[in-house]
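In: 3D model of this:
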Amino acid sequence: MEQQNYYLAIDMGASGGRLILGHVEDEKLILEEVHRFTNVPLRKGDALLWDVDRLFAEIVKGIKRCGELGKFPAYIGIDTWGVDYVLADKKGRPLEPAYSYRDSRTVPYLDTDPSFEELYQITGIARQSFNTVYQLLADKAAGRLEDAAAMFFLPEYFSYRLTGSFSGKTHSEYTEASTSGLLDAQKRSWAFPLIERLALPAGLFDPPRAPPYAVGVLDKKLVPGCNAEILMIASHDTASAVSLVDERQLYISSGTWSLLGIQSSPILTEAARNAGYTNEGALNGKIRFLKNIMGLWILQQTRHELGDAYSFAELESLARQAAAGNETVRPIDVNLPRFMSPASMIHEIKDEYRGGWTPESPGELAYCIYVSLASSYKKAVEDLEGITGIKYPAISIIGGGSKDDYLNELTARYTGKEIHTGPAEATAIGNILLQMKHAGWERPRRGFAETLIKL
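Out: This is a model prediction of the structure:
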């Protein structure tokens, strides 16, 4: 089998994962989805956990599928969401469980010493209950750090597990580590004075390294016949996605979360802190200065609660119908904690409208979600332009949400910006291009407007 022509992007979001093969053909990047699987946190008692064994099994299943197609990759790169991790002991054995960022165990540690104001001056990370720093403080209080010798962010955990060994870890991939709330935004290194002050074990934190770089070769016992090199690419999914966006442009990476921002130097001002903007690692020495907005998670959960009886396209159509006569509906704040992991998303939405008109039908619920998302984008853009002193004429919307025409229309209406959409597969493309860079390739000369995607 010819291996050197194929690159495998394992793109795992907090609601699902895909394995996408890429290769160059006639100077175009050809993508082919070979495997897809769902991903939802498991509720065990009061805890929300990731089933990392099942997710790993799905990854292996997808790699085997490549072999069935006669397309084993030469390189494999994994990207996921940020902040979450797996602890391991001195012998490299994972310390279960792996908590989901939506778990509420972190809330008591939000008001810790040092204050958020001081933390922001160092790390530039917004005050969010799911930040790694608060998860580690919860672990420390529960005694989980006593046997911990290493911390693997999820892309690292799955990557090293593919090699069959946890013993070789010497670096933390920079873009993922930057989401932790423990990395110095200016120096791009761990803030060890802060780590010491919080009494967290310094040995958990390997020096951050800019991608791409190799961590090993695929364990032959997992997938016989595949000799792929396992790479750390920009393993935070948004970092891979926005690598396709011009550094001068305003973007929304639209999916389960909506990440609205720019690429810049660190911005650690009081205005940025008060507006909830965060500074996360990007490529080429840049920072993703962005606002985390709850995103299509609210629609996904509403759809699920409706018994998955409607496709997303049907909900979009019903939302358009519900808009008639309801153009002045009041938007709700999608970033309220009540929408993070509620028992009933529909109940929480309706409760926000108590005392007035309340959405009842699936179309009305979807319309309220769309309007509220567009309104949140408007506020985030206004804050961003106020912080930077720059007016941005357009927004590039990338990721799966870029295919939602109605949300794009409302975003244009609310923000007053010209909207550019696509690619929908921005994360996978960014992942693969970094693999190609490691292999010595350059970007296909025809650009992304002509990229052929087979899905």
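
In: Would you point out which residue is most central in the protein?
Out: By CA atoms, centre = their mean, the chain has its centre lying nearest to residue 81, at 3.2 Å.

In: My read is that that residue contacts residue 239, right?
Out: No - proximity of residue 81 to residue 239 does not meet the contact threshold set by CB atoms under 8 Å, at 11.1 Å. The C-beta positions use only the backbone N, C-alpha and C, and glycine is treated the same way.

In: Now for the protein, the helix or strand with the poorest mean pLDDT.
Out: Sorted by mean pLDDT, DSSP states H and E, the helices and strands of the chain end with strand 452-454, the least confident at a mean of 40.

In: quick one: residue 159 and residue 169, what's the gap?
Out: From residue 159 over to residue 169 the distance is 9 Å, taken as CB to CB, to the nearest Å.

In: Compare these two and say which one has the larger neighbour count.
Out: Neighbours per residue (other CB atoms under 10 Å) separate residue 159 from residue 169, with residue 159 holding more: 26 against 20.

In: any idea which element that one lies in?
Out: Under the assignment given by DSSP states H and E, the secondary-structure element containing residue 159 is helix 154-163.

In: what about whichever helix or strand comes after that helix, distance to the chain center?
Out: Proceeding C-terminally, helix 154-163 gives way to strand 172-173 as the next helix or strand, assigned by DSSP H and E. For strand 172-173, the distance from its own C-alpha centre to the chain's C-alpha centre is 16 Å (CA atoms, centre = their mean, to the nearest Å).

In: I would like the residues contacting strand 172-173, please.
Out: Outside of strand 172-173, the residues within contact range by CB atoms under 8 Å, 6 or more residues apart in numbering are 153, 155, 156, 205, 206, 207, 208, 209, 211, 232, 234, 235.

In: Name the strands paired with that strand and say parallel or antiparallel.
Out: Taking DSSP bridges as the criterion, strand 172-173 forms sheet pairs with strand 208-209 (parallel).

In: mean confidence score for the strand it pairs with?
Out: Per-residue pLDDT values over strand 208-209 give a mean of 98.

In: again, but for stretch 335-348
Out: If you average the pLDDT over stretch 335-348, you get 96.

In: low-confidence ranges in the stretch 51-200 of the chain?
Out: Per-residue confidence for the stretch 51-200 of the chain (pLDDT under 70) gives no ranges below the cut-off.

In: Just the helices from it, written as ranges.
Out: With DSSP state H, counting those that start in this stretch applied, the stretch 51-200 of the chain shows helices at 52-68, 116-123, 132-141, 154-163, 174-177, 192-197, listed in chain order.

In: neighbouring contacts of the shortest one?
Out: Outside of helix 174-177, the residues within contact range by CB under 8 Å, 6+ apart are 80, 82, 153, 155-156, 183, 188, 190, 208-211, 234-236, 239, 280-283.

In: Buried ones among those?
Out: When the contacts of helix 174-177 are checked for burial by 16 or more other CB atoms under 10 Å, the buried set is 80, 82, 153, 155-156, 183, 188, 190, 208, 210-211, 234-236, 239, 280-283.

In: returning to that earlier point: where's the residue nearest to the centre of the chain relative to residue 101, distance?
Out: 7 Å.

In: what residues do the two have in common as contacts?
Out: Any residue near both residue 81 and residue 101 by CB under 8 Å, 6+ apart counts here, and that gives residue 14.

In: related to what we said a few turns ago, output the helix holding residue 159 as CSV, restricted to C-alpha atoms.
Out: Listed in CSV are the C-alpha atoms of helix 154-163, where the atom choice follows Å, rounded to 0.1, in the frame of the first residue of the first chain:
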residue,chain,number,x,y,z
LEU,A,154,-6.7,14.8,25.5
PRO,A,155,-4.9,15.0,22.1
GLU,A,156,-1.7,14.0,23.8
TYR,A,157,-3.3,11.2,25.6
PHE,A,158,-4.8,9.6,22.5
SER,A,159,-1.6,10.3,20.4
TYR,A,160,0.7,8.6,22.9
ARG,A,161,-1.8,5.8,23.4
LEU,A,162,-1.6,5.2,19.7
THR,A,163,2.2,4.7,20.1
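
In: hmm, back to that, could you find the closest non-adjacent residue to the residue nearest to the centre of the chain?
Out: Closest residue to residue 81 in three dimensions, ignoring its sequence neighbours and counting by CB to CB, 6 or more residues apart in numbering: residue 14, at 4.9 Å.

In: what's in contact with the helix holding residue 159?
Out: Defining contact as CB under 8 Å, 6+ apart, one finds that helix 154-163 is touched by 10, 12, 50, 52, 55-56, 59, 76, 78-81, 84-86, 94, 98, 152, 166, 168-169, 172-173, 176, 215-219, 222, 230-232, 235-236.

In: Among those residues, name the ones in strands.
Out: When DSSP state E is applied, the contacts of helix 154-163 are split such that 10, 12, 50, 76, 78-79, 85-86, 94, 98, 152, 172-173, 215-217, 230-232 fall in strands.

In: Now, of the residues you listed, which are buried?
Out: 10, 12, 50, 76, 78-79, 85-86, 94, 98, 152, 172-173, 215-216, 230-232.

In: So in this structure, which helix runs the longest?
Out: Longest among the helix segments of the chain by residue count, using DSSP state H, is helix 362-388.
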